[in-house]
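Novice: 3D model of this:
(3 chains)
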Amino acid sequence: MILAHSFFARSAPKVARDLLGKMLTRRLPDGTRIAAPITETEAYDGFDDRASHAHRAKTTRNAVMFGPPGYTYLYLCYGIHWMLNVTTREEGYPAAVLVRATAVVSGPGRLTRYFMLTGEQNALPLRPASGIWIEPKSKDPVRPGSVRATPRVGVDYAGPEWRAKPWRFVWTPDA
DNA sequence: TGCGCGATTCTC
DNA sequence: AGAATCGCGCAT
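Specialist: As a prediction, the model looks like this:
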């Protein structure tokens, strides 16, 4: 069972919230399989979102955000860290969810290093054949009360309205 | 063709 | 608090 088209073809905030507790899964070229539940996400939704890469226009870098849902969008940040996003919404509407952390790794840059993701994995459909996909657990482990929504990280430049959007979702698993 | 800055992380 | 580090986006 994998999350497919219909899961991702929704608004980025909804997808970001529902991605919590889902298993980010990776198969490396040597066959090694890595998987961990997603614990933190951020939504970037639409042309108007001033924090989004797609705010101005479609470019070479952000083109994937304008494509079909359920694809990887990887870009280099601060010249050092790769960021993993997954595209949402219908083709033509730019939206994506930044995967900021899993149960075993905190921080979006550390996450891609752990899962061995770089620009080589950009623009791939999320499915086993791509070596990266996302699976639901048989039973949803996320209690509604264990999720908190906060403003997004590092987007102070986006102006008062967009800076304040509670589009960062953090799941604290029960002990 | 050049320049400022960032959806970060680690160290001092 | 500051450095590391480089591609993108906008100005020249």
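Novice: Test my guess that A:Leu24 contacts A:Ile134.
Specialist: Yes: A:Leu24 is within contact range of A:Ile134, at 5.8 Å (criterion: CB atoms under 8 Å). Bear in mind the C-beta positions are built from the backbone N, C-alpha and C, glycine included.
Novice: any residues in contact with both of these two?
Specialist: In terms of CB atoms under 8 Å, 6 or more residues apart in numbering, A:Leu24 and A:Ile134 are both contacted by the residues A:Ile38.
Novice: Please identify which of those two sits among more neighbours.
Specialist: With neighbours defined as other CB atoms under 10 Å, A:Leu24 and A:Ile134 compare such that A:Leu24 has more, 25 against 21.
Novice: Now do the contacts for that one.
Specialist: Taking CB under 8 Å, 6+ apart, we find A:Leu24 in contact with A:Ala35, A:Ala36, A:Pro37, A:Ile38, A:Val99, A:Thr102, A:Phe115, A:Ile132, A:Ile134.
Novice: Hmm, the fourth one is touching A:Leu20, no?
Specialist: Same thing as A:Ile38. Yes: at 5.9 Å, A:Ile38 and A:Leu20 qualify as touching, with contact defined as CB under 8 Å.
Novice: Establish whether the helix or strand hosting A:Glu40 and DNA strand C are in contact.
Specialist: With elements taken from DSSP states H and E, the one containing A:Glu40 is strand A:33-45. No: for strand A:33-45 and DNA strand C, the contact criterion (CB under 7 Å from any atom of the strand) is not met; the two come no nearer than 12.8 Å.
Novice: That strand - contacts with which helices or strands?
Specialist: Helices and strands in packing contact with strand A:33-45 are listed as helix A:12-19, strand A:23-27, strand A:95-102, strand A:168-171; criterion 3 or more CB pairs under 8 Å, 6 or more residues apart in numbering; DSSP states H and E.
Novice: now it: mean pLDDT?
Specialist: Averaging the model's pLDDT scores along strand A:33-45 yields 97.
Novice: follow-up on the earlier one: any residues in contact with both of A:Ile38 and A:Leu20?
Specialist: Counting by CB under 8 Å, 6+ apart, the common neighbours of A:Ile38 and A:Leu20 are A:Trp171.
Novice: mind checking pLDDT for A:Ser138?
Specialist: In the predicted model, A:Ser138 carries a pLDDT score of 95.
Novice: Could you pull out the strands in chain A for me?
Specialist: Under the criterion DSSP state E, chain A carries strands at the ranges A:23-27, A:33-45, A:72-77, A:81-87, A:95-102, A:105-106, A:132-135, A:147-150, A:168-171.
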